[in-house]
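> Any chance you can model this:
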Amino acid sequence: MEKEINNTWKTRTLVAGALIGALTGLGAAFLLTRRAEQEGTDLKISTGQGLKMGMLVVGMLRSLMNLGED
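Purely as a prediction, here's the structure:
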């Protein structure tokens, strides 16, 4: 019984994280495409901009990993 409870919170956490990540990604894509449409240009992300976004994601993940530590 205890193992089922243990797996339940893990499953809920994974599903919640997946939904939050998907919604965040969708929101970012929406904002990027909206800005490109307003400027009347195609969406172009340079290598440098891609690297910056990737590093921001890595930094956010590192911060999440350190949340419970003091």
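
> any idea which helix or strand carries Gly68?
In this structure, Gly68 sits in neither a helix nor a strand according to DSSP states H and E.

> which residues in this structure form helices?
Secondary structure of the chain by DSSP state H: the helices cover 2-39, 47-65.

> By mean pLDDT, show me the worst of those.
Of all the helices of the chain, the minimum mean pLDDT falls on helix 2-39 (a mean of 89).

> quick one, that one and helix 47-65 angle?
150 degrees (axes from the mean of the first three to the mean of the last three CA atoms, to 10 degrees).

> picking that back up, mind putting the helices of the chain into JSON lines with mean neighbour count?
Placement of C-beta: from N, CA and C, glycine included. Formatted as JSON lines, these follow (neighbours: other CB atoms under 10 Å):
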{"stretch": "helix 2-39", "mean neighbour count": "10"}
{"stretch": "helix 47-65", "mean neighbour count": "10"}
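
> residues contacting Ala18?
By CB atoms under 8 Å, 6 or more residues apart in numbering, Ala18 lies in contact with nothing.

> roughly how far apart are it and Thr47?
28 Å (CB to CB, to the nearest Å).

> who touches Met53 in this structure?
Ile45.

> residue closest to the middle of this structure?
Centroid check for the chain by CA atoms, centre = their mean gives Gly21 as the closest residue, at 4.2 Å.
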